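Participant: when you get a sec, could you give me coordinates for this:
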Amino acid sequence: MTNSTAFSAWQETDAGRQMLDRFSEERTLTAIEHLLSRLDTLEKAVDNLTVLMQQGPGLVAMATDSIDEIYSKADEHGNSMETHVKNGLEMAGKLTAPGMPERLDQVLTMTNQLPGIIAMMADTADEMMQKAVAGGFDPQALVSVAGAANRALTAAGNEPPAKASGIFGLLRALKDPDRQKGLGFLLNFLKHFGKHL
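Facilitator: Next comes the predicted model:
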């Protein structure tokens, strides 16, 4: 039996006729045309994949060398990647420990409320300051006296201690106009402080 006889005998079978009918459908022809148009693209993709597979071991070796170099440089600078990974795993363990998610949720809730708490505290401090000023407190005077006291402490610390041996030495020291001013201020303060006790 020749090839052409075998081919025509195949067409005469039920399966052959069904296949020929199927091939003559427009949908089948469109699908075949679509496959043929994609064949070139598929062939190029297979070629690229083959090249990539051939280069794969070299690429893996190059990536491994790069990672090793990063680890080495980090270790040279005292920045051990192994320690970071270990610390990260420990932190993850702590964060996922029983009860920790609830605590973190409470912290986040408090953080959201923090601006309101700060504003409330600022309002309270402002109200207290206004009451103090209304009662006679002068914050500017306090700042001025505190600044003068700080400068005086610094200057006195840089000088050797003054010698005032006996009562007459003390009286001679009091002739200094600056000491007289300081003593006068102290006496005035004691007078007014005594009035308010």
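
Participant: following element in sequence after the host helix or strand of Thr64, please.
Facilitator: Following DSSP states H and E, the helix or strand that holds Thr64 is helix 26-76. Downstream of helix 26-76, the next assigned helix or strand under DSSP H and E is helix 81-95.

Participant: now for that following helix, which elements pack on it?
Facilitator: Judged by 3 or more Cβ pairs under 8 Å, 6 or more residues apart in numbering; DSSP states H and E, helix 81-95 is in contact with helix 26-76. Glycine gets a C-beta too; all of them are placed from N, C-alpha and C.

Participant: mean confidence score for the helix it packs on?
Facilitator: What helix 26-76 shows for mean pLDDT is 75.

Participant: now do the helix or strand where Phe193 lies: distance to the chain's middle.
Facilitator: Assigned by DSSP H and E, Phe193 belongs to helix 177-195. In terms of Cα atoms, centre = their mean, to the nearest Å, the centre of helix 177-195 is found 55 Å from the chain centre.

Participant: repeat for stretch 87-106
Facilitator: Stretch 87-106 sits 17 Å away from the centroid of its parent chain (Cα atoms, centre = their mean).

Participant: quick one: the residue most central in space within the chain from Ala149, how far?
Facilitator: The centre of the chain sits closest to Gly88, judged by Cα atoms, centre = their mean, with a distance of 14.7 Å. According to Cβ to Cβ, to the nearest Å, Gly88 and Ala149 sit 52 Å apart.
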